[in-house]
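Novice: Give the three-dimensional model of this entry:
(3 chains, ligands or ions: 2)
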Amino acid sequence: MNALRAENLVIGGGVVGLSVAFGLLQAGHKVHVLDGADRDLRASHGNFGLTWLQGKGARYAPYSRWTWSAVQQWPAFAEELAEISGQEVALEQPGGFEFFTDSDEHQTFAADLAAQAKTLGHDFTYQSCDGDTLRRNIPGIGPDVTGATYCAHDGHVNPLKLLHALRLSVQRLGGTIQTNATVKDLKRDGAFYRGILADQSQIAADRVFLCAGLGASDLAPQLGFRTIVRPQRGELLITERLETRLPFLSSTIRQVDEGGVQIGGTKAEVGPDDAETLPKMRELARHAVAIWPALAEVNILRSWGALRVVTPDGYPVYGRAPDGGDAFLVTCHSGVTLSPVHAKQLVAWFDDHKDAPNLEGFRDDRF
Amino acid sequence: MKNLIVIGAGPAGMSAAATAARGGAKVLLLDEQPHPGGQIFRNITRNRNTLPHLGPDYAKGLEQAEALQHPNLTCRFGSTVWRIDDGRAKDGPRVAYSQNGKSQSVAARHVLIATGAQERPTPFPGWTLPGVMPAGAAQILMKSSDLIPREAILAGTGPLLYLIAAQMIDAGTPPLALVETQTSSMMARALSKMPRAMIDRQQVFKGLSLLRKIQKAGVRRYTAAQEFRARPQGDGLTFTFTSKGKEHVLHCALLLCHQGIVPSTNLTRSAGIPHQWNVTQLCWQPTHDDDGRTDRPGLWVAGDGAGIFGADAACAQGVITANAILCALDDLSPDIARHINAHALNRRFRADALRPFLDAAYAPAPEFLSPVDETILCRCEEITAGQVRVAASNGAEGPRQMKTATRAGMGPCQGRMCDLSVTTTLAAHSGRHPTDLGPHRARSPCKPVTLGELSRLDLGD
Amino acid sequence: MTVSRFTRRNEAIQDIISFSLDGQPASACAGDTVAAALLAHDSAAFRHTGIHSSPRTPFCMMGICFDCLVTIDGVQNQQACMITVTVGMDIRRQAGFRKLEGRS
Ligand SMILES: Cc1cc2nc3c(=O)[nH]c(=O)nc-3n(C[C@H](O)[C@H](O)[C@H](O)COP(=O)(O)OP(=O)(O)OC[C@H]3O[C@@H](n4cnc5c(N)ncnc54)[C@H](O)[C@@H]3O)c2cc1C
Ligand code: FES
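Specialist: Numbers count the residues shown, from 1 in each chain, chains lettered A, B, ... in the order given. Ligands and ions are numbered 1, 2, ... in the order given. Prediction:
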């Protein structure tokens, strides 16, 4: 059978794969993206859209610095994407809140932020305040809120617009995206890599970038990678669109540019099950009403579960095939936040460019 | 705990609830309307026989509604079910519903979903304008408020159009015109199914007498109509279409459209029941066996929500499913069930015989399945067919990617008014079969609830 | 005022109740849904959408399309076809998306 040939093959057309593809194209490479079935578990279609620094890597300096770099680059990245694709991603970086209804949790988190500040130095701006101070500054916050932290570098995008902008940009820059193309088998064959697709067609590539989210768990071992990713379910609610703008952005309540309010933040280890559940739906509703009581009258249109792609220690994995070949594993949670560094620094690292960042902290063989 | 929760008090739900209650089961019947009857017998308990122009079939619903008076049967009207968990949930299947601004989740051994049908969305340029309505919606106004459409055009296809035309004639306000999309070749093809349809000759004759009435009243009739387009004109509408190659321009206050009905599947899909594409009726329906059993433990379906067969069949199926549930509860032996189902099986058989003829004669017209680019497909998010096609060309190749790429289906109706049109438009554009695309995933809450109400949800814990 | 797109049979006009429509007195028949009451009243749009400000009147009349949304007794986005009109009800047509209480 005649195999399709690709110089750079990106497996996975989620936000991670497309960011990598976008970066490779900008670095002058030829790129072909394979993306799986419509019904696959797709974190990029169900996430919260935050570009978030607060608390990230508080106890793991490489991750904190990597995320810092990403949020710094977001404005230019958003502009670049809009220019190439014609699609705005609705980036806003107004700074974000973490709200607490339990002072112990507040204290613990504030200590984390202090540790993060130590890593990041003077440019990292954050605050911590009690409930009354918060209510004076943002009238309308509920009486049960005991305190909050605030980080000036947090923001959000419309994750669906981001995905769309990436997809269009990849195509405009000459990349090709093959949909409904699930790779079933992947192995090294001398100087190149061979993949077999679900429809039995074959593909051969010089370099392979495995960015298949949860789909990587089948393929990564075939190339000798050690990381095993697992699904972690997050549930979300979305309300009807509002004319009124919410006066804050938080890691659990945010207003999408179109007007709907998203509420999220649950975590459950339930395997590959992305169903939404009644107890969590109620928990999210209670949380939203506690933080911003005026939301009580607003209709929820839909709830859903989505599966996070989680590595054993929760930090990204950027791995090169143990046999030294040109196969790379890219997987992380927070693929939205990290999109700019995946497109720039990570690609420089693939290419062994002189500006390549030090990614020792994210090796595949750390597990 | 109840033995059975029945959702929907139309012909299927009413007959199932009454049958199960008589058979000894403790039954809870939930319906979001204030009174029993479903769409076909809407408001029957209040109208009784005061609206003769609605015809004798409508009056038949009264008997069914009255059979709901049974000590084993609790009815909660004004109760909107927004989520169903199947039998794998803690203590059996559960149903979450909202009544008077309060939501609760109740468990039962079995749940029967009998939520009926909705009219197939009929997207064409101008269908979102004031004064354009589905014909069935206008009929609901006739039943619930005795409002008769004025200066109305009936446009589309299906036996319901004839019935409504006849009802309007009898009420003294005939339609201005009857504009039908079916063609003579469709009718010719349907004729081969006529011999079998004659098994239900009563219905066939009823249809013919409606047509005679319309003819006698001198209502203008156009057939093989295409290229629907509505534009606002003063307080009313200009309706243009072509019929047999000639363009027509009509004026009206109301444009009442119809392309048949399709199962309402939001609840059944969100409950995780598998669905299949009905290739003749061009819609999704939950997969189930002859008894109405689905593959989800404790979940059953009956009536038009399980597949379109009409009110008579729905009523019969309600009995059959209720008896199967009684068997599952050990309140009835299968042998006796077979015996007492005989009458219902016979009714179902007759309705089944008629359906192929109706499906062939009144199939939806292609222009509503894949409308011209400028047509709004998603009324809530105001997304056009053209936008859907562009997204498809950019790689949104299934219902989920289409939804996230365009927002079609993300509005307050949760895709009820657009999922089907998006599927058929996408299928036509990409040359893929709907079965291959798969149904849209539905999520709870299936009807909006406020955050306040959800935060106070009584989980029975 | 524009003429309704519907007529009511004479024998149906009984049990008249009064309500308020956009601050003006109006009447309906007892048992009418809010949608029926407004449709019987005149032919105007119930609301203008939040996206393109397009005018809409009720569509499905069975609670599934959300085109008939109005403000009832101060509560926005109520489905007019699912709520029975009551004496003295304050019904208002709407424009745009929901506005949160006390905020602009
Ligand atoms: C509830 C929730 C909230 C989140 N919130 C945020 C947030 O606020 N901010 C943030 O930065 N991140 C957030 N995330 C994380 C973010 O969504 C993910 O990091 C990101 O989407 C991962 O992208 P991905 O491309 O790795 O995976 P996916 O989006 O899952 O994409 C994987 C792709 O690979 C394809 N694929 C799989 N297997 C194969 C195969 N064998 N062959 C070909 N293709 C294949 C699939 O079809 C799919 O398109 C959230 C995640 C969840 C679940
Ligand atoms: S019509 Fe598309 S969501 Fe309502």
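Novice: How are the helices of the stretch 151-300 of chain A distributed by residue range?
Specialist: Per DSSP state H, counting those that start in this stretch, the stretch 151-300 of chain A carries helices over the ranges A:159-172, A:216-219, A:278-291.
Novice: between these, which gets the lowest average pLDDT?
Specialist: For the helices of the stretch 151-300 of chain A, mean pLDDT drops lowest on helix A:216-219, to a mean of 93.
Novice: C-alpha coordinates for it, PDB please?
Specialist: In PDB, the C-alpha atoms belonging to helix A:216-219 read as follows (Å, rounded to 0.1, in the frame of the first residue of the first chain):
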ATOM      1  CA  ALA A 216      -1.300   9.100  23.900                       C
ATOM      2  CA  SER A 217      -1.600   6.400  26.500                       C
ATOM      3  CA  ASP A 218      -1.900   3.800  23.700                       C
ATOM      4  CA  LEU A 219       0.800   5.200  21.400                       C
END
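Novice: Report the buried residues of it.
Specialist: By neighbour count on 16 or more other C-beta atoms under 10 Å in any protein chain shown, the buried set for helix A:216-219 is A:216-217, A:219. For glycine as for every other residue, the C-beta is placed from the backbone atoms N, C-alpha and C.
Novice: quick revisit: any chance of the helices of the stretch 151-300 of chain A in a markdown table, plus distance to chain C?
Specialist: Formatted as a markdown table, the entries for those read as follows, by distance: least, C-beta to the nearest C-beta, whole Å:
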| stretch | distance to chain C |
| --- | --- |
| helix A:159-172 | 16 |
| helix A:216-219 | 38 |
| helix A:278-291 | 13 |
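Novice: Looking at these, spot the one closest to ligand 2.
Specialist: For the helices of the stretch 151-300 of chain A, proximity to ligand 2 was assessed by C-beta to the nearest ligand atom; helix A:159-172 is nearest, at 15.0 Å.
Novice: does the closest one come close to ligand 1?
Specialist: No: applying C-beta under 6 Å from any ligand atom, one finds helix A:159-172 separated from ligand 1 by no less than 6.9 Å.
Novice: Could you name the helices and strands sitting against that helix?
Specialist: If you count contacts as 3 or more C-beta pairs under 8 Å, 6 or more residues apart in numbering or on different chains; DSSP states H and E, helix A:159-172 packs onto helix A:15-26, helix A:61-85, strand A:176-178, helix B:399-406.
Novice: now what about the third one, what contacts it?
Specialist: For strand A:176-178, the external contacting residues (C-beta atoms under 8 Å, 6 or more residues apart in numbering or on different chains) are A:13, A:21, A:31-35, A:167, A:170-171, B:395.
Novice: Name the member of those with the most neighbours.
Specialist: The most crowded member of these, judged by other C-beta atoms under 10 Å in any protein chain shown, is A:Ala21 (33 neighbours).
Novice: Give me the neighbour count for the closest residue to C:Lys99 other than its chain neighbours.
Specialist: Leaving aside its sequence neighbours, C:Lys99 sits nearest to A:Glu243 (C-beta to C-beta, 6 or more residues apart in numbering or on different chains; 4.7 Å). Close neighbours of A:Glu243, defined as other C-beta under 10 Å, add up to 15.
Novice: if I look at A:Glu243, how far off is ligand 2?
Specialist: 19 Å (C-beta to the nearest ligand atom, to the nearest Å).
Novice: Quick check: that residue touching A:Gln255?
Specialist: No: between A:Glu243 and A:Gln255 there is no contact under C-beta atoms under 8 Å: 11.1 Å.
Novice: So in chain C, where's the weakest helix or strand by average pLDDT?
Specialist: Sorting the helices and strands of chain C by mean pLDDT, DSSP states H and E puts strand C:6-8 at the bottom, at a mean of 93.
Novice: when you scan that strand, is anything in it near chain B?
Specialist: Yes: using C-beta under 8 Å from any C-beta of the partner chain, strand C:6-8 comes into contact with chain B via C:6-8.
Novice: Which of the residues you listed has the largest number of neighbours?
Specialist: C:Phe6 (24 neighbours).
Novice: nearest residue to that one other than its sequence neighbours?
Specialist: Leaving out its chain neighbours, the residue that sits closest to C:Phe6 by C-beta to C-beta, 6+ apart is B:Leu147, at 4.0 Å.
Novice: Who is the one you found paired with across the strands?
Specialist: C:Arg8 (DSSP bridges).
Novice: show me what contacts it?
Specialist: Counted by C-beta under 8 Å, 6+ apart, B:Leu147 has contacts B:141, C:6-8, C:36, C:39-40.
Novice: can you do 6 Å?
Specialist: B:141, C:6, C:8, C:40 (C-beta atoms under 6 Å, 6 or more residues apart in numbering or on different chains).
Novice: tell me the contacts of the first one?
Specialist: What that stands for is B:Leu141. Taking C-beta under 6 Å, 6+ apart as the criterion, B:Leu141 is in contact with B:147, C:36.
Novice: Let's verify it: helix, strand, or coil?
Specialist: Using DSSP: H, G, I helix; E, B strand; the rest coil, the structure places B:Leu141 in helix.
Novice: A:Gly325 should be in a helix, yeah?
Specialist: No: with three-state DSSP as the criterion, A:Gly325 is coil rather than part of a helix.
Novice: What's the per-residue pLDDT of it here?
Specialist: The per-residue pLDDT reported for A:Gly325 equals 93.
Novice: ok, it touching A:Arg188?
Specialist: Yes: using C-beta atoms under 6 Å, A:Gly325 makes contact with A:Arg188 at a distance of 5.5 Å.
Novice: Quick check: the closest residue in space to A:Glu258 that isn't next to it in sequence vs A:Ile263, distance?
Specialist: Using C-beta to C-beta, 6+ apart and skipping residues adjacent in sequence, the residue nearest A:Glu258 is A:Arg241, 5.9 Å away. To A:Ile263, A:Arg241 is 14 Å away according to C-beta to C-beta, to the nearest Å.
Novice: Settle it for me: which of the two has more neighbours?
Specialist: A:Ile263 (28 against 23).
Novice: closest point of chain B to chain A, which residue?
Specialist: B:Gly398 (2.4 Å; C-beta to the nearest C-beta).
Novice: Tell me who's in contact with that residue.
Specialist: When contacts are counted by C-beta under 6 Å, 6+ apart, B:Gly398 touches A:38, B:437.
Novice: Mind pulling up the pLDDT for it?
Specialist: Value listed for B:Gly398 in the pLDDT field: 93.
Novice: hmm, who's touching stretch B:20-40?
Specialist: Here stretch B:20-40 has contacts from B:2-10, B:14, B:17, B:43-45, B:61, B:65, B:68, B:70, B:72-81, B:97, B:116, B:311, B:322, B:326, B:329, B:331-332, using C-beta under 6 Å, 6+ apart.
Novice: In the stretch 151-300 of chain B, where is pLDDT below threshold?
Specialist: Scanning the stretch 151-300 of chain B for pLDDT under 70 picks out no residues.
Novice: how about the helices in it?
Specialist: Using DSSP H, counting those that start in this stretch, helices in the stretch 151-300 of chain B cover B:159-170, B:184-191, B:194-197, B:201-216, B:266-270.
Novice: Columns distance to ligand 2 on top of the helices of the stretch 151-300 of chain A, output as TSV?
Specialist: Below are those laid out as TSV (distance: least, C-beta to the nearest ligand atom, whole Å):
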stretch	distance to ligand 2
helix A:159-172	15
helix A:216-219	33
helix A:278-291	20
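Novice: wait, which of those helices is closest to B:Ala385?
Specialist: Closest approach to B:Ala385 among those is made by helix A:159-172 (18.5 Å; C-beta to C-beta).
Novice: What residues of the closest one count as buried?
Specialist: In helix A:159-172, counting by 16+ other C-beta under 10 Å, buried: A:159-171.
Novice: Could you pull up phi and psi at whichever residue of the stretch 251-367 of chain A sits closest to ligand 2?
Specialist: Across the stretch 251-367 of chain A, the shortest distance to ligand 2 (C-beta to the nearest ligand atom) belongs to A:Leu301, at 8.8 Å. Note on A:Leu301: backbone dihedrals following degrees, to the nearest 10 are phi -90, psi -30.
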